Structures are given as C-alpha cells and as structure tokens.
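A.B. asks: The sequence and its predicted three-dimensional model are supplied below.
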Amino acid sequence: MRANCWMGKKKVEVQTVPDPQILNERDAIVRITSTAICGSDLHLYNGFVPTMEAGDVLGHEFMGEVMEVGRAVKNLKAGDRVVVPFPIACGNCAACRAEAYSLCENSNPNGWMAEKMWGHSPAGIFGYSHMLGGFAGGQAEFARVPFADVGPLKIENGFSDEQVLFLSDIFPTGYMGAEMCGIKQGDVIAVWGAGPVGQFAIASAFLLGAERVIAIDRFNYRLDMARENSKAETINYEEVDSVVDTLNEMTGGRGPDHCIDAVGLEAHAPGLQYAYDRAKQAMMLETGRPIALREAARACRNGGTISVIGVYGGFIDKFPMGSIMNRSLTIKTGQCHVQRYMRPLLQHIQNGDIDPSFVITHRMRLEDAPRGFDMFVKKLDGCEKVVLRA
Amino acid sequence: MSNTMNAETLGQTRSGRQDNTSPANDRQSSRGRSSASNGQSVLRKMQQPRQVKKIATGLGWFSIGLGVAELIAPDGVARLIGVKPTSTSRTLLRAFGARELAAGIGILSNDRPTGWVWSRVAGDVMDLSMLGTAMTKDDTDRTRLNAATAAVIGVTALDIVTGNGLSSQRSARNGGRASGIHIKRSITVARPREEVYSFWHDFKNLPRFMKHLESVTVMGDGRSHWKAKAPAGSTVEWDAETTADQPNELIAWHSLGDADVSNSGMVRFVEAPGGRGTEVHVDLHYDPPGGAIGALFAKMFGEEPGGQIADDLRRFKQVMEIGEVMLSDATVTEGPHPAQPLSSSEREEHRESRREPSRESSRESSRESSREPNRGMNRGMNVPIERTTDFRGQSSM
C-alpha cells in the first residue's frame, strides 16, 4: 500500500510499504477513505518528538471502510463505515472504565519508553512515535485498528467524510479543552492558537455556554475564520503591545475567566522571549517553548482555569508557578479521551449545531502529503487544515 | 594549583574508595592518614548517600556550565586551557561541550544518575588524553595546560568518588549482596485476586507473558522444569521447587541443584484498594552467569533484568485484562522496526519464532481462556463493566 512515512526532520515521503494484517484478535483492517494532517504531526515533522524512526507511517486522524475484523470483534463487519479515534484504548483497564481512554493501561507495548520519559505510560497513539507504541498511522491506504470493538465509531447516516472525519481527534480535543474550563453563564474564554484545534475549542466553548470567546493568534486568516465561523473576538498578538493588557482591557480588568492553550510546545512570540526559548530548545535544555502557556497563566483571572490541549513533550522552563499558586489557578490538561466524546459530538453534528468541515482549506491526494506538510508548516496559501483522500 | 597537590588529592580519594569498601582496611592505611587526616573524615562524609547525591547534582550543574561554555565559546575555552583556537579545537570542544551537556542533563534529570556520573569519568579520560596530546604540540601554553590538566584530574577524582558512592548505594539497594541481582517490581491488574492467582499458579501460563521463558513443565510434587532464552541465542534450563503456596496470597519458588542460573522468587497477590483489582508484587533474586558482570553485559545488550520484569508484568496485565499480549507494528519483531506493517518475510519469521512447541501449546490454552475475555470481570470489582460498545454511550455529557 502507499503510506506517508516520516523519513527524518522536515522530511516525509509517500512510499510503498507492506499491507497491514490482523495482529491481535480484536483488530480490524480499515481501508482509509479520508485522513488529515494534524498540527501535532508538525511537532513530529519538526523533530521535537523523540523516538521516531525513518519509515514510521504517520497519521492519527482517519476514517474509512472496514475490510476485515479479528475473531473477537463482533460489533463491526466488512463494509461498515467508521471514524477511528486517535488514542488506542482497550476498554477493559481501570483508565478505560473511567472513560480516560487516552490513559489506557494496555495499549502501549513500548510503555517502558514512556515510563523513562514521563514516569508512567499513557495510551498508545496511531503514528505518533515509538514511545507511544510504534503503531503505523493512518496517512495510508489501509490501517490496522486495534480494539476495533471499542474505538471506531460506526457512521450510519449519510454524512460526508468531511463532516465526521474530525471526530477522530481535533473536534473532541477542542471540545475537551472547553469542557475542562467548567464554563458557567457569563464566562469569557480566551483561546491561544486559532489552528484547527483552537477553532474547535472556540466553537465548543460557545456550545458549552460561554458568553464571549477571544482568539489569539498571529495569522489574520485564522483569526478571520474564528470571527466569521464562531463569532469570536480576536487579538493578533503581533499587532498589540501586550496580550495580557489587551485581554484586561477587553474584560474590565478581570482577565478571561478561563484560558485554553491550543498551541503547545512550538509557540511563537515577537522579541526576546522567543529567542530565549528557541535557543534553549536548540541546546536541548528544554523541549517545549511554553510561551502561550506563560501568557495564559498571567492573563487568567484569579481563580480561573488554564486548560492545556496543545501538545508538550518533555520539560519547559520559566513556568510561572508563583502566579498560578498565589492566584488559585487550576491547570487541567490531557490528550483527548476521544472515545468518550465521539457519540455526543456526532449528535451535535446531527442536530446541525456545528459542521466541522469549516476548518478545511486544502484537499489533496495522499500522494501529495509532503506538499501538504510543507504548506501547513509554513502557513502558505492560508493553510488551516489539510485533508488527504486515499 | 599544582600537579603535586592534585596527585595527593587523587591519592586521598583512592584510599577513600578502600575506605568505602572496607573500613577496617582503611584504619591501617597510612597513606590516607599521612597525606591529610582531615581528608579521611571529609571523604567518609562524602560517601554518605545524601552527600553523594548532592555532589552528583553539583557535578551535573558543572557539566552544564562547562558544556554551554564549550558549545558557545569554544575559542575562549581553548585560550583558557592554553590551546591555540583552530577549527579542529573548535569542533573538538563543541563535541566535548555536547557530551558535557548530555551528562549534566542526565545527572540532573535522573533520581539515580549512577551511569551518568560514570559517563563523566569516561569523559574525563577523554579530556585528559586530549590535554596529553596538546602537551606534545609546540604552540600551546604549558602553564595553562598544566593548570587545566590539574583541574581535570581533580574533577576526575571527584567523579570517581561520587560514582563509587552511587554504585555502592545501588548494590545496597539490590539486597546488599556483592553477587546476584535482586529485583522488585509490581503492577495492578483489574481482575479479582482468585483469578490472578490461579492464572499465575498454573506455571505453564508463564511463557505467555514472560518474554524470555520458552517453557515451564510442571512435574508434580511442587517441582517444575524451566527453560529460558539467554543472551546470544543460548538457552538455560533449571528445575525449580515451589517453596510456598498460599492460595490467593503468594507463591514462592527457588531453583534446585546446580542450576545454570540459580534463582528464587516470590510473587504476592494483594487486594488493591477501592475495588481496583489485584496488586501483583514480584520479588526475584538470581545469580546470572558471571554474577554482576553477567548482568552488566546483559544490560549492555538491552536485557536489563529489572526492565525485563517490568515488561513481563505489563504483558501479564494485558493477558489478564485483554486476553492476549498487545502488539504494535514496531514491536512484533525482535530489534528495531519502523512503525509500518511487517513484510511477508518478516511475518513468516515471526510465525516461525512463535511456532515452538511449548509456545504453541500455551497459545492454545490462551485461546481457551480468551474466548470469554470478560469472564470474572465483574466478580470482586466495584465497577461492573460490559466490555462491548456500550460504555461509549455512558458519556458524562
């Protein structure tokens, strides 16, 4: 089959690799019809995630048609149309039973690597490093999907791929980011990063009853999307002297009630702070540039929540713990427990509350994946979200 | 600082090392006393666990400082140690800087930085050999080179003392025996205690999750025959005897006679709090071929025993909770494999390696038990679950 493979820093190639096979009895083989490039794939692309090997098949946002199921899979059959959640979760362990699927205790065969880095291991993830399992990903023609009796969501009424594809990751991820804020009536939410996950965090904050949402980014095309699609207010951080002052101005001096970091480890900022973090990152003295996170911590109103859904890998520096402790802030974070959100969010799509396809700006063939990565990483041609058709 | 003084310091630390291994010898050591009686108590103090950790942390920061200096200003460092800056010195010093940084980060980010401290010793030897080479060149500043060499010798001494201190702490942790390895690992399995115990109690199940075990044959009489894969393709076999067996509580065993790998072990089954199932505590002691050296080699070949047991327990949990060992594209084969599906030849190889008779039979039994993967799941657990698609609908939303 053809598959998009990580071949080194800033290098992906569509190659011919062997077809996947059933390895465990709860597996399914899925013929992929649509797959997407995720912002977190860019962290792999830019070489910030350890334990990648040349030849690793990328991709963790995908859907398609079931071709074959292992003998323990009873709920799916060949021909079913499914969206596959990005965390691999068994459904049996304590974490899964608490619906904390991205913390599945049985789905990472390379758990020891994650334990070395993080102390304990989270769930395995498709196409996201050996530390998170060494699973081939979904930017390919076919994929092996473990625990097919638990994860995949069957799509039965005629939605297009584009309407439901993002149930695999970015819609639930954005939704969980908003849900972790515990939004109450009248709340003002600030969202750092108006990439695809940020867009869904903004839309979800409104779904969950936020009064106002303020989006912060440096690309006007992304801010335009947030404004036009979700009626968010926007701040282009390159055009203001201080994001914190601007947010104070916009909220009567209180600061936003809750802040969502939808940026993660590769944040940008004008001036010295960026240079400082970029240099430390280059010298391996920190693995993330927590610029958005620092700003969120300063900006948040007393007693508010910082909800972190942007991806971090290792260690960060100059974390404003004093501000967080003394002002009673709460930090909530996690890889999304996608399986928990798929059905209710499908219901939202069904109700017409949201059409997730609004984020798509580029449609390409799987063969064009390298061009898609290049455009996405360089933000060329107003690139917000790339969907690949296999 | 002069060379002589540093040689003395090194002398002290050497006797200090003896001091550590055998206090009795040390009292008779005239060398340590004559050079500096104060040094003795200082060294003994340095060997105290907390002190050793403190010094290790200091060394970590020293590594980072020096590493950054070498990376950013290799020419400045070259001039400081009396070497004329050239493109070669720049490259070398930057490489050394990267090494220092790695060692520094390794020491600071690890609770037990023993290996990283020893890596500093290896680095010191490299530094010294480079300084030695520099001495033979004409365009160097001898005085500065001497001073630099003296400084490195001093640091080397400190590294060795610290490394030794950490190593001896480690062997004390491992049961305080010079030979043999003691491993403790535990895991929580979301299954009732009776089920976990009885699965483990049937020794022929063990190869299903213990990667290096080929087979266990139960011979009756509390005796069993064990066969395991050893490094470099060989196998080791031994007979074992169950020494204790308390249903749902613990199983203990030891090897009999002149086993290739003399070993003993105990596994305890403890009810986990809050209805979370069973805590499995494994306690193993064994003498690998060649004792501690064998273990060192094993570790070098990626067979670190503690890690192996942790992985075996992870697989045990998988077998108990999901009915089989979880595989990913990269973990089916031995050795590194990219995260992409196996080729047909690799698949064939994998099938071959699983076709060993012992494995086959155990896999058969695995099929038996996994036919009802949820059997007993609700027993003894506070949270009843149905492992079908049902719980997806139990969303909190």
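C.D. replies: Perfect, thanks for sending it. Source: prediction; values computed, not measured.

A.B. asks: out of everything not next to it in sequence, what's closest to B:K211?
C.D. replies: B:D312 (6.2 Å; CB to CB, 6 or more residues apart in numbering or on different chains). (C-beta placed from N, C-alpha, C; glycine too.)

A.B. asks: ugh, typo on my part, it should be B:D124
C.D. replies: B:T156 (4.0 Å).

A.B. asks: who are the neighbours in contact with the one you found?
C.D. replies: Residues near B:T156 by CB atoms under 8 Å, 6 or more residues apart in numbering or on different chains: B:10, B:121, B:124-125, B:128.

A.B. asks: May I have stretch A:296-307 as PDB, with CA atoms only?
C.D. replies: C-alpha atoms of stretch A:296-307 as PDB (Å, rounded to 0.1, in the frame of the first residue of the first chain):
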ATOM      1  CA  ALA A 296      -2.300  32.300  29.700                       C
ATOM      2  CA  ALA A 297      -1.100  31.900  33.300                       C
ATOM      3  CA  ARG A 298      -0.600  35.700  33.600                       C
ATOM      4  CA  ALA A 299      -3.700  36.600  31.800                       C
ATOM      5  CA  CYS A 300      -6.200  34.300  33.500                       C
ATOM      6  CA  ARG A 301      -8.500  35.900  36.100                       C
ATOM      7  CA  ASN A 302      -7.900  35.000  39.800                       C
ATOM      8  CA  GLY A 303      -9.300  31.500  40.500                       C
ATOM      9  CA  GLY A 304      -9.700  30.700  36.800                       C
ATOM     10  CA  THR A 305      -8.600  27.600  34.800                       C
ATOM     11  CA  ILE A 306      -5.800  27.000  32.400                       C
ATOM     12  CA  SER A 307      -6.800  24.200  30.100                       C
END
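
A.B. asks: what does that stretch rub up against?
C.D. replies: Outside stretch A:296-307, the residues that touch it by CB under 8 Å, 6+ apart are A:177-178, A:180-182, A:190, A:192, A:243-244, A:247-248, A:251, A:254-261, A:293, A:319-320, A:323-324, A:327-333.

A.B. asks: And those, which of them are buried?
C.D. replies: Those of the contacts of stretch A:296-307 that meet the buried threshold are A:177-178, A:180-181, A:190, A:192, A:243-244, A:247-248, A:251, A:255-261, A:293, A:320, A:324, A:327, A:329, A:332, by 16 or more other CB atoms under 10 Å in any protein chain shown.

A.B. asks: ok, which of those residues also contact chain B?
C.D. replies: Applying CB under 8 Å from any CB of the partner chain to the buried ones among the contacts of stretch A:296-307, one finds that nothing falls near chain B.

A.B. asks: Keep only those of those that are in strands.
C.D. replies: A:190, A:192, A:258-261, A:332 (DSSP state E).

A.B. asks: Dump those into a markdown table; add pLDDT as well.
C.D. replies: What follows is those, written out as a markdown table (pLDDT from 0 to 100):
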| residue | pLDDT |
| --- | --- |
| A:A190 | 98 |
| A:W192 | 98 |
| A:H258 | 98 |
| A:C259 | 98 |
| A:I260 | 98 |
| A:D261 | 98 |
| A:K332 | 98 |
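
A.B. asks: name the element A:V82 belongs to?
C.D. replies: strand A:81-84 (DSSP states H and E).

A.B. asks: Direction included, what does that strand pair up with?
C.D. replies: strand A:61-69 (antiparallel), strand A:153-154 (antiparallel) (DSSP bridges).

A.B. asks: for those strands, which one sits closest to A:A100?
C.D. replies: When the strands paired with strand A:81-84 are compared by CB to CB, strand A:153-154 sits nearest A:A100, at 18.0 Å.

A.B. asks: in stretch A:152-170, what's buried?
C.D. replies: Within stretch A:152-170, the residues scored as buried using 16+ other CB under 10 Å are A:152-153, A:155, A:159, A:161-170.

A.B. asks: Let me see the mean pLDDT of that stretch.
C.D. replies: In this model, stretch A:152-170 has an average pLDDT of 96.

A.B. asks: go on, stretch A:315-329?
C.D. replies: On average, stretch A:315-329 scores 94.

A.B. asks: Stretch A:265-284 now?
C.D. replies: Stretch A:265-284 comes out at a mean pLDDT of 82.

A.B. asks: pLDDT wise, what is the residue in the stretch 101-250 of chain B that chain A sits nearest to at?
C.D. replies: Closest residue of the stretch 101-250 of chain B to chain A, CB to the nearest CB: B:A190 (5.1 Å). With respect to pLDDT, B:A190 has a value of 97.

A.B. asks: Over to A:C181?
C.D. replies: So, for A:C181, pLDDT stands at 98.

A.B. asks: same deal with B:A178?
C.D. replies: B:A178 carries a pLDDT score of 44 in this model.

A.B. asks: For the residue in the stretch 101-250 of chain A that chain B sits nearest to, which non-adjacent residue is closest in space?
C.D. replies: Relative to chain B, the nearest point of the stretch 101-250 of chain A is A:G134 (2.6 Å; CB to the nearest CB). Spatial nearest neighbour of A:G134, excluding adjacent residues (CB to CB, 6+ apart): B:A330 at 2.6 Å.
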